[in-house]
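[1] Sequence below, structure please.
(2 chains)
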Amino acid sequence: MTESSPITREEVAHVANLARIQLTDAELDHLRDDLAAILDHVKVVQSVVDENTPAMSHPIPVTNVFREDVNVPGLSAAEALAGAPESEEQRFVVPRILGED
Amino acid sequence: MTDLTRKTAAELSELLSSGEVSSREITQASLDRIAAVDGEIHAFLHVSQEAALEAADRVDAARAAGENLGTLAGIPIAVKDALTTRGIPTTSGSRILEGWIPPYDATVVERLKSAHMPIIGKTNMDEFAMGSSTEHSAFGPSRNPWNTGVIPGGSGGGSAAAVAAFEAPLAIGSDTGGSIRQPAAVTGTVGVKPTYGAVSRYGLIALASSLDQIGPVSRTVLDAALLHNVIAGHDPRDSTSLDAPVPDIVAAAKRADLSGVKIGIVKEFIGEGFDPGVRARFEESVALVTAAGADVVEVSCPSFEHALAAYYLVLPSEASSNLAKFDAMRFGLRVAPDGVSEPSAEQVMATTRDVGFGDEVKRRLILGTYALSSGYYDAYYGSAQKVRSLIAQDLERVFVDVDVLMSPTSPTTAWEFGAKIDDPMSMYLQDIATTPANLAGIGGISVPAGLSDGLPVGVQFLAPAMADDRLYNAGAALEKLLAEKWGGYLIDQAPELEVAP
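    All right, here's what the predicted structure looks like:
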């Protein structure tokens, strides 16, 4: 657990991989500096709350939101595929999703 | 012939009802104005001339046939490019969506169409609404009609500039941390962020789902109320939409009476960090509302000091999740990496997101992914959620004693292009007075309060959740007091724009 240690280049590269963004070396360097400055400002949140402060994920809580179980018209296959980079036989065509072997 | 583009929506509504003008004439006047000035202002990413004129003709025919039409029927509107529009390009200011034609309408767009309002185009914005200047739009910035060398605010700078430049009487914006209110403040227009859940988010390209709210952009408080009334109300397609009656905001905007209204001045928002010119206009507004019978007291919300820090953790965290949908698989851009034969889906996704996203989006997605990642989640995202509770508690406490809060909307007036682009924190600090409303889910309005060195200053009112009518009463009252002082609206003082031949 880091208190305030500035973010390292390796951490930025790791997070960029998690976020699925291919960054150049120059972008990694630049982002590390930006993130260090931003984290330095936002880290204050850690010191103004404690374990007794309730967490708030949503401003106006609503629970058990259901609609009537009735059919409503949706998009046709043609409409859903109209914006696809590539499609074939009413399906999205995607690059390979498995490893080389 | 009077210039229809200078009329308020309320005035146009009367002219339409009495048959003095047609929707086609009003819509054509807007389109002509766009053709004349938008080369300079660049408020629009797309102008839907044909569809707008067709809609205008339909409402004119309906009116001629004696159909009972709503107040805004026939009045053209501009829509922020963050809302999906069936058959009309929607980019959210990003290359990754360039050329995408949505197959469905956002609920708000459906409601505008049901209200017979011709949609004249889609307005420019910072990419995915991340920014305070429109400089982060992938398609170039919009310019402030008051001075084309300064920013029009953001993210909804396009909607605010369109209304301020008389290209449209009304526009739709979305506000995640000030993206309706700050552009309104710096362009001398009116912008409202309704209570969270008051307006459906279905079809709004999400930035931060627990903060985003769609709202009206206009030149007068009454016009904003009329538009708010069209778009608000429960929508079963948005599970966070409030199933509660919409307060009578139009009546509140017409009431415009502060006698006996208790106003809290937020101590944290009147000192250091706010420009002297902004403070001077704010203090004049406070003096006016006091003289008009409001009971003005100073209140303290100590947790507001940490709102910005919490906001810049919650927003990137939620954005990093929401923007995962831009994966190059089902819609939008797809770019394969160079020199890789048979690239994997993951390689294509990572390359597409590098090419398709701008710097600010990358910055916030990396920050959000970091704040949510294993080992940091509790310290950053978890703590930020707790600060949200503190802010909500502060507001709950002060709203026992006061009806509305009052502060400057933004700490500065509009700045020159490029002045803050290389320093993300200095841009983020602009959101200091606007983010608490989003974190707590309450409503806020920005109304013009005068000029500082020739550039507009805005005053913000905040009201408790589900009491948006108080925003309109207070906002309209201040607007009326200032209009009496100036002999008209602030926007009437805006310089004439150069008109293209």
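[2] Show the low-confidence segments of the chain, by residue range.
    As the question left the chain open, I've gone with chain A. Segments of chain A classed as low confidence (criterion: pLDDT under 70) are A:1-5, A:100-101.
[3] hmm, I had chain B in mind actually
    For chain B, the ranges with pLDDT under 70 are B:1.
[4] And the residue of it closest to chain A?
    Nearest to chain A in chain B, going by C-beta to the nearest C-beta, is residue B:441, at a distance of 2.4 Å. From N, CA and C alone the C-beta is placed, and that goes for glycine too.
[5] Quick one: the helices in the stretch 201-350 of chain B, in order.
    Secondary structure of the stretch 201-350 of chain B (DSSP state H, counting those that start in this stretch): helices at B:221-231, B:249-255, B:276-291, B:307-322, B:345-356.
[6] and the first one, what does it pack onto?
    In this structure, helix B:221-231 packs against helix B:9-17, helix B:107-114, strand B:170-175, strand B:190-193, strand B:213-218, helix B:249-255, strand B:443-452, helix B:468-486, with contacts taken as 3 or more C-beta pairs under 8 Å, 6 or more residues apart in numbering or on different chains; DSSP states H and E.
[7] Would you mind finding the most buried of those?
    Stretch with highest mean neighbour count among the helices and strands packed on helix B:221-231: strand B:190-193 (a mean of 33; mean count of other C-beta atoms under 10 Å in any protein chain shown).
[8] do it and chain A meet at all?
    No. Strand B:190-193 lies apart from chain A when judged by C-beta under 8 Å from any C-beta of the partner chain; the minimum separation is 11.9 Å.
[9] gap between that strand and the chain center?
    6 Å (C-alpha atoms, centre = their mean, to the nearest Å).
[10] Can you name the residues of the stretch 201-350 of chain B sitting close to chain A?
    B:210-211, B:236, B:239-240, B:242, B:303, B:306, B:308-310, B:312-313, B:320, B:324, B:327-334, B:336-337, B:342-350.
[11] of the residues you listed, buried ones?
    B:210-211, B:240, B:242, B:303, B:306, B:308-310, B:312-313, B:320, B:327-334, B:343-345, B:347-350 (16 or more other C-beta atoms under 10 Å in any protein chain shown).
[12] ok, back up a step: ok, and the residue nearest to the residue of chain B closest to chain A when sequence neighbours are not counted, which helix or strand is that part of?
    Counting by C-beta to C-beta, 6 or more residues apart in numbering or on different chains, residue B:441 lies nearest to residue A:59, which is 2.4 Å off, once chain neighbours are set aside. Here residue A:59, judged by DSSP states H and E, is contained in no helix and no strand.
[13] Tell me how far residue A:59 lies from residue B:126.
    To residue B:126, residue A:59 is 23 Å away according to C-beta to C-beta, to the nearest Å.
[14] Quick one: residues contacting the residue in chain A that chain B sits nearest to.
    Going by C-beta to the nearest C-beta, chain B is nearest to residue A:59 of chain A, at 2.4 Å. If you count contacts by C-beta atoms under 8 Å, 6 or more residues apart in numbering or on different chains, residue A:59 has them with B:196, B:210, B:211, B:388, B:392, B:438, B:439, B:440, B:441, B:442, B:465.
[15] what about the fifth one, which SS state?
    Meaning residue B:392. Each residue gets one of three states, and residue B:392 gets helix by DSSP: H, G, I helix; E, B strand; the rest coil.
[16] Residue A:57: neighbour count?
    Neighbourhood size, residue A:57 [other C-beta atoms under 10 Å in any protein chain shown]: 11.
[17] my guess is it contacts residue B:386, does it?
    No. Using C-beta atoms under 8 Å, residue A:57 makes no contact with residue B:386, being 10.6 Å away.
[18] so what's the spatially most central residue of chain B up against?
    Computing the C-alpha centroid of chain B and ranking residues by C-alpha atoms, centre = their mean puts residue B:180 first, at 2.0 Å. Contacts for residue B:180 (C-beta under 8 Å, 6+ apart) come out as B:156, B:159, B:173, B:174, B:191, B:192, B:193, B:215, B:216, B:217, B:446.
[19] Kindly calculate the angle that the helix or strand where residue B:158 lies makes with strand B:443-452.
    Counting by DSSP H and E, the element that carries residue B:158 is helix B:157-164. Counting by axes from the mean of the first three to the mean of the last three C-alpha atoms, to 10 degrees, helix B:157-164 lies at 60 degrees to strand B:443-452.
[20] from the chain's centre, how far out does helix B:157-164 sit?
    With C-alpha atoms, centre = their mean, you get 9 Å for helix B:157-164.
[21] from memory residue B:152 sits against residue B:159, does it?
    No. Residue B:152 lies out of contact with residue B:159 (C-beta under 8 Å); the separation is 9.2 Å.
[22] of those two, who's got more company?
    A direct count of neighbours by other C-beta under 10 Å for residue B:152 and residue B:159 places residue B:159 higher, at 40 against 33.
[23] contacting residues around that one?
    Residue B:159 makes contacts with B:43, B:78, B:79, B:80, B:123, B:125, B:171, B:172, B:173, B:180, B:183, B:217, as judged by C-beta under 8 Å, 6+ apart.
[24] got the phi/psi numbers for the residue of chain B closest to chain A?
    With angles defined as degrees, to the nearest 10, residue B:441 shows backbone torsions of phi 80, psi 10.
[25] Surely it and residue B:196 touch.
    Yes. Assessed by C-beta under 8 Å, residue B:441 is found in contact with residue B:196 at 3.6 Å.
[26] Mind listing the shared neighbours of these two?
    Taking C-beta under 8 Å, 6+ apart as the criterion, residue B:441 and residue B:196 both touch A:59, A:60, B:465.
[27] show me where chain A has strands.
    Secondary structure of chain A (DSSP state E): strands located at A:87-88, A:91-92.
[28] For the residue nearest the centre of chain A, give its distance to residue B:366.
    Nearest residue to the geometric centre of chain A (C-alpha atoms, centre = their mean): residue A:19, 6.2 Å. Residue A:19 sits 6 Å away from residue B:366, going by C-beta to C-beta.
[29] ok, residue B:118 - how many residues close by?
    For residue B:118, the neighbour count with other C-beta under 10 Å is 28.
[30] just the one 3 residues further on next, same as before
    The tally of other residues near residue B:121 (other C-beta under 10 Å) stands at 30.
[31] try residue B:279
    For residue B:279, the neighbour count with other C-beta under 10 Å is 17.
[32] for it, what are its contacts?
    B:270, B:408.
[33] quick one: it from residue B:412, how far?
    For residue B:279 relative to residue B:412 (C-beta to C-beta), the value is 11 Å.
[34] How about residue 35, nearest residue that isn't a chain neighbour?
    With no chain named, the answer covers chain A. Spatial nearest neighbour of residue A:35, chain neighbours left out: residue A:7 (5.0 Å); criterion: C-beta to C-beta, 6+ apart.
[35] that's the other chain; I wanted chain B
    Once flanking residues are discounted, residue B:35 sits nearest to residue B:500: 7.1 Å by C-beta to C-beta, 6+ apart.
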